[in-house]
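A.B. asks: Just need the structure, nothing else, for what follows:
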Amino acid sequence: YLKFIGKKVEIRTTEKTIEVFFHGQRIASHVHQTYSKEPIYVPEHMPENHRKYLTYNTENFLKWGEKIGANTLIVVKNFLYMHKVEQQGYKACVSLMRLADRYSLERVEKACETGLTYTPCPSLKNIATILKNGQDRIKTKATSSHSDISRGITRGAAYFQGGKEKC
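C.D. replies: The predicted structure follows:
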């Protein structure tokens, strides 16, 4: 089916079937479903490197994140639940797993913890940058305290008194 990508095809639909034709030859036929809660995937129509994504599932990613640590679990949940369809977050979860293979489970957990001190929704790029730059190895006090009141406006009220900018 890959040879038909980008080609002009003809599609015929009835109440029960959907058929795809290329130069008058039927190349695909499917049962027509008017409604489905879940997307319908036909593995034979997918490129080989995309088929592996069909083996992934939310439950396995959540179990993996929980096994690594609380901060990794938060990041995994963010990746999965930030999209309308959870499957859209699978690629980020797999990439996070690859980072764990490359750096270590402990460093990924620490990187997720560090990322969560910067933003409640760190991206994969944030986590990768933290690992690459070794920011996960820097000792900080109360890095896991998301309700730490020392964060917030760092310049304080005195900085802004009189409405004059100070550099």
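
A.B. asks: going forward, measure contacts and count neighbours with C-alpha atoms only.
C.D. replies: Will do.

A.B. asks: in the chain, what spans have low per-residue confidence?
C.D. replies: Scanning the chain for pLDDT under 70 picks out 1, 140-167.

A.B. asks: His32: neighbour count?
C.D. replies: 13 (other CA atoms under 10 Å).

A.B. asks: Isn't it up against Glu15?
C.D. replies: Yes: counting by CA atoms under 8 Å, His32 does reach Glu15; the two are 6.6 Å apart.

A.B. asks: ok so Lys67 is a helix residue?
C.D. replies: Yes: membership of Lys67 in a helix is supported by DSSP: H, G, I helix; E, B strand; the rest coil.

A.B. asks: Count the neighbours of it for me.
C.D. replies: Neighbourhood size, Lys67 [other CA under 10 Å]: 12.

A.B. asks: mind checking how far it is from Val76?
C.D. replies: Per CA to CA, to the nearest Å, Lys67 is found 12 Å from Val76.

A.B. asks: Same check on Leu124?
C.D. replies: For Leu124 relative to Val76 (CA to CA), the value is 10 Å.

A.B. asks: Perfect, I'm done here.
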